[in-house]
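Engineer: sequence first, then the predicted structure:
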Amino acid sequence: MNAIELADVTVVLGGQPVVDRVDLSVAGGEWMALIGPNGAGKTTLLRAIARLVPFAGSIALEGRATAAMHRSELSRLLAVVPQEPSTPPWMTVGEYVLLGRTPHLGPLAKEGRRDREAAARSLARLDLLDYRERRLGTLSGGEKQRVVVARALSQEARIVLLDEPTASLDIGHQQQALELLDALRGESELTLVAAMHDLTMAAQYADRMVLLDRGRVAADGPPRDVLTEEAIARHYGATIDVVPVDGRVAVIPRRTAARNT
Amino acid sequence: MNLAAEQVADVRARGLTPLWACSAVAFLLFSLAVGVLAGPVDLGVGAVLESAAARLHVPWASTPLSSTEEAILWEIRVPRVVLAALVGAMLALAGAAYQGVFRNPLADPYLLGVAAGAGLGATIAIAYLPDGLRGQRALPVAAFVGGAVAVLLTYAVGRSARRERDAATLVLAGVTVAAFFTAWQTFVQQQNAETLQQVYSWILGNIPSTGWSDVVLILPYVAVAVVVILALRRVVDVLSLGDDEAASLGVDVRRVRLALVIAATLGTAAAVAVSGLIGFVGIIVPHAIRLLSGVGYRALLPLSVLIGAGFLVLADVIARTALSPAEIPLGVVTAFFGAPFFALVLRTTRGGGA
């Protein structure tokens, strides 16, 4: 049984199909990178999977249609790390991570011991236990990113969708974040789907890449098959060299205008 | 992974801390005491306590007050203080809830057209109802109906907008409905110029000395609103992350928002119906608490009830005693004293707040 199964999924926004008849399945435990130029529909596809935008077609998680699920049931199965998460400055790290327990609580309930333990575990896993009383407003970008991942982890969902998880991070923090996600995937048997712009980073970590262009799947396979000079030129309009490095591939942009020095 | 018990215990959401809860309750009790004791007739603390004991059927207690004094205490002052407390609690709570639900620090309880609708209802009652009818009974009812109709209309307009029904659409619908109702109200006023004075003084707000009837009128609405909003206070924290994130955390955003908005709005309509438009309380009280304590909504909402109640009781004391026997409109008092206080809070706190 696949973790995620999309059949003929279309999302229309403002009269335009932003996601256009997509069929896609993601196996349990897989790390799939969703790549494609700006406006290709990556974020919208993730939002459709999380049922945050209306769609036609069917999306199933672990064999069950999301349309038939209760909102909290869906959230126990799937966590989302948005591109620009809102981090209210007055909230403490502990409070924020505890919000991840919401799908496990009724609307009127408050957190119990189990919830505090789950939050503490995910804080500990991300080396954030000492930060639990800190206000979000006092954290750096890299720390905030970890806190957001900790919240997603405390949700104890088996599928995690990430929208540009490294967009605001420097190269060191990018690597740390992706290493961490990779380790978490191994420990907790998570299925990860991440929209990513940095193709080289994506190729280092993902088992599989799906290239979206104008809402359609343009290529699907292991990074070395998807990342070709020709495909990147066609879909991104970019001139690049693809260089194999230790079985993975790196993407190097090439200057096209003649140097005038 | 094994965690020490105290590490787990420490991962918690700051609810109401005992210090803040006790301070807020103490402030409310102090305000209530001042409210009951202050007035043109000096009743004395001891006499008031004895009279209360007698009312509670404490054995051997008898009231030292004359029957006129008894009437002043129990038919005028106490109900007026209770009414001020209910209105203040409701406005502060509704303001805090709206700020969370709409993620807008400037949201106040009148955001969705309640004020304009209630204003129209009151104006129509003052202008068209025969004198005998409009007195104490009809005006609050008309204002309440006007406020409730305005909010229902806001919801209907918000829903009919085919865009995704988000919080901003609802706020825009509220602005639209408020503009329409205000224009209508102005028209009615222009046609009935002799009502201007009465309508104007209603708009500036005051707590009426009408005995227990107004308390009975608004108590059910305020009670339901307080229970519903406080029960959902944890969810308001989740909503403050925005619609999408709240939804991805399993919250049925539309339904919860509807419940919160209906509760806050009906309570506000009831408060407005008896007291007119008292500005500033719904914004100043939650923000002052937030700036001073830095807490999230789950503590802010109950604190707003307590502090809002105390604040309005004290404001009402000033309104009725400062220029006694004349009364200053309550909206004038809340802004006149509230604004400098809030400026002070802004100056002395940095960062911390939202």
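Structural biologist: Yes, it's here.

Engineer: assumed residue A:166 was part of a strand.
Structural biologist: No. Checked against DSSP: H, G, I helix; E, B strand; the rest coil, residue A:166 lies outside a strand; its state is coil.

Engineer: let me know the pLDDT of the closest residue to chain B within the stretch 101-250 of chain A.
Structural biologist: Nearest to chain B, among the residues of the stretch 101-250 of chain A, is residue A:103, at 3.1 Å (CB to the nearest CB). C-betas here are computed from N, CA, C, even on glycine. Per-residue pLDDT puts residue A:103 at 94.

Engineer: can you pull the contacts of it?
Structural biologist: Neighbour list for residue A:103: A:71-76, A:155, B:249-250 [criterion: CB atoms under 8 Å, 6 or more residues apart in numbering or on different chains].

Engineer: try residue A:139
Structural biologist: Listed by CB under 8 Å, 6+ apart, the contact set of residue A:139 reads A:87, A:93, A:131, A:147.

Engineer: quick check: the farthest pair among the residues you listed?
Structural biologist: Farthest-apart pair in the contacts of residue A:139 is A:87 and A:131; separation 12.7 Å (CB to CB).

Engineer: who has more neighbours out of these two?
Structural biologist: The neighbour comparison of residue A:87 against residue A:131 (other CB atoms under 10 Å in any protein chain shown) goes to residue A:131, with 21 against 18.

Engineer: hmm, residue A:147 and that one touching each other?
Structural biologist: Yes. With contact defined as CB atoms under 8 Å, residue A:131 and residue A:147 form a contacting pair (7.5 Å).

Engineer: mutual contacts of the two, please.
Structural biologist: Counting by CB under 8 Å, 6+ apart, the residues touching both residue A:131 and residue A:147 are A:93, A:139.

Engineer: picking up where we left off before, shared neighbours, residue A:87 and residue A:131?
Structural biologist: By CB under 8 Å, 6+ apart, residue A:87 and residue A:131 have these common neighbours: A:139, A:147.

Engineer: whichever of the contacts of residue A:103 end up buried, select them in ChimeraX.
Structural biologist: In ChimeraX syntax, the buried subset of the contacts of residue A:103 is picked out as below (16 or more other CB atoms under 10 Å in any protein chain shown):
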select /A:71,72,74,75,76,155 /B:249,250
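
Engineer: surely residue A:211 is within a strand?
Structural biologist: Yes. Residue A:211 forms part of a strand when assessed by three-state DSSP.

Engineer: tell me what it is bridged to.
Structural biologist: Beta-bridge pairing for residue A:211 (DSSP bridges): residue A:35, residue A:219.

Engineer: now do it, the pLDDT please.
Structural biologist: Predicted confidence (pLDDT) at residue A:211: the value is 96.

Engineer: just the contacts of residue A:139 now: which is nearest residue B:40?
Structural biologist: In terms of CB to CB, no member of the contacts of residue A:139 lies closer to residue B:40 than residue A:87, at 53.6 Å.

Engineer: tell me the pLDDT at the residue lying closest to that closest one once chain neighbours are set aside?
Structural biologist: Once flanking residues are discounted, residue A:87 sits nearest to residue A:136: 4.3 Å by CB to CB, 6 or more residues apart in numbering or on different chains. pLDDT recorded at residue A:136 is 93.

Engineer: residues contacting residue A:136?
Structural biologist: A:87-93, A:96, A:144, A:147.

Engineer: mind listing what's buried in the helix or strand where residue B:224 lies?
Structural biologist: Per DSSP states H and E, residue B:224 falls inside helix B:212-231. For helix B:212-231, a neighbour-count test (16+ other CB under 10 Å) marks B:214-215, B:217-218, B:221-222, B:225-226, B:228-230 as buried.

Engineer: among those residues, which ones lie close to chain A?
Structural biologist: Among these, no residue is within reach of chain A (CB under 8 Å from any CB of the partner chain).

Engineer: possible to save the residues you listed as CSV with pLDDT?
Structural biologist: Listed next are those as CSV, based on pLDDT from 0 to 100:
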residue, pLDDT
B:214, 87
B:215, 92
B:217, 87
B:218, 91
B:221, 92
B:222, 95
B:225, 95
B:226, 96
B:228, 96
B:229, 96
B:230, 95
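
Engineer: now the residues you listed as JSON lines including distance to residue B:12?
Structural biologist: Below are those laid out as JSON lines (distance: CB to CB, whole Å):
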{"residue": "B:214", "distance to residue B:12": "41"}
{"residue": "B:215", "distance to residue B:12": "38"}
{"residue": "B:217", "distance to residue B:12": "40"}
{"residue": "B:218", "distance to residue B:12": "36"}
{"residue": "B:221", "distance to residue B:12": "33"}
{"residue": "B:222", "distance to residue B:12": "30"}
{"residue": "B:225", "distance to residue B:12": "28"}
{"residue": "B:226", "distance to residue B:12": "24"}
{"residue": "B:228", "distance to residue B:12": "25"}
{"residue": "B:229", "distance to residue B:12": "22"}
{"residue": "B:230", "distance to residue B:12": "19"}
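
Engineer: farthest pair in the residues you listed?
Structural biologist: Taking CB to CB, no two of the buried residues of helix B:212-231 sit farther apart than B:214 and B:230, at 23.2 Å.

Engineer: number of residues surrounding residue B:244?
Structural biologist: By other CB under 10 Å, the residues close to residue B:244 number 18.

Engineer: right, and it touches residue A:52 too?
Structural biologist: Yes. Counting by CB under 8 Å, residue B:244 touches residue A:52, with 5.4 Å between them.
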